[in-house]
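build me a structure from this.
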Amino acid sequence: MRRGVGVVYVLWDARQETLAGYYSLSTGSVEATHLVGVRTPDLPEELAKGLPRYDAIPVMLLGRLALSEDQRYRGQGLGGVLLVNALRRARHLSREIGAVGVIVDAKDETVRSFYERYSFLSFPSQPLRLIIAMGTIDQI
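Prediction:
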């Protein structure tokens, strides 16, 4: 945060006076073309349709999203609460700075399926990299 690379948001358990979970957000871009006018296979086709033919498309990056290792915070849906909060925050910010979606890198297939339940799409060449369109966030 001190270097301006991202901002961390926390879920604080006031009763226990402890960190229950957190996520980080930053801005970024995704390569949209290899050559002028030629789409890359990396960007999911559903999202690539209708985008301008820029070399890079602005996105928000969802960095770490995690719950505390304390078992009290497991199985309560707090991961989903954090994710929805992050997506809504990113959507709000996109209206100020412009971004077509939110990208996340899942650490494994289990985490990937978690994001897919919230309508994230995998990049064809990088199945653990996912993106959700800002318009889709409006429906969550």
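
number of nearby residues for the residue nearest to Ser26 when sequence neighbours are not counted?
Distance criterion CB to CB, 6 or more residues apart in numbering; nearest residue to Ser26, sequence neighbours excluded, is Gly6 at 3.6 Å. C-beta here means a position set from N, CA and C on the backbone, and glycine is covered the same way. Using other CB atoms under 10 Å, Gly6 has 16 other residues around it.

can you check Gly21 too?
20.

pretty sure it is touching Leu11, no?
Yes: if you go by CB atoms under 8 Å, Gly21 and Leu11 touch, sitting 4.2 Å apart.

I'd like the mean pLDDT over stretch 7-15, please.
Mean pLDDT, stretch 7-15: 94.

one step back: can you list residues touching both of Gly21 and Leu11?
Listed as contacting both Gly21 and Leu11 by CB atoms under 8 Å, 6 or more residues apart in numbering are 78, 82.

which residues of this structure fall in strands?
7-13, 18-31, 33-35, 38-39, 56-67, 101-105, 121-123, 126-133 (DSSP state E).

deepest of these, which one?
strand 101-105 (a mean of 23; mean count of other CB atoms under 10 Å).

list the neighbouring strands of that strand plus their orientation.
Its sheet considered, strand 101-105 pairs with strand 56-67 (parallel), strand 126-133 (antiparallel) by DSSP bridges.

residues in contact with stretch 76-85?
9, 11, 20-23, 62, 65, 67, 114-115, 118, 140.
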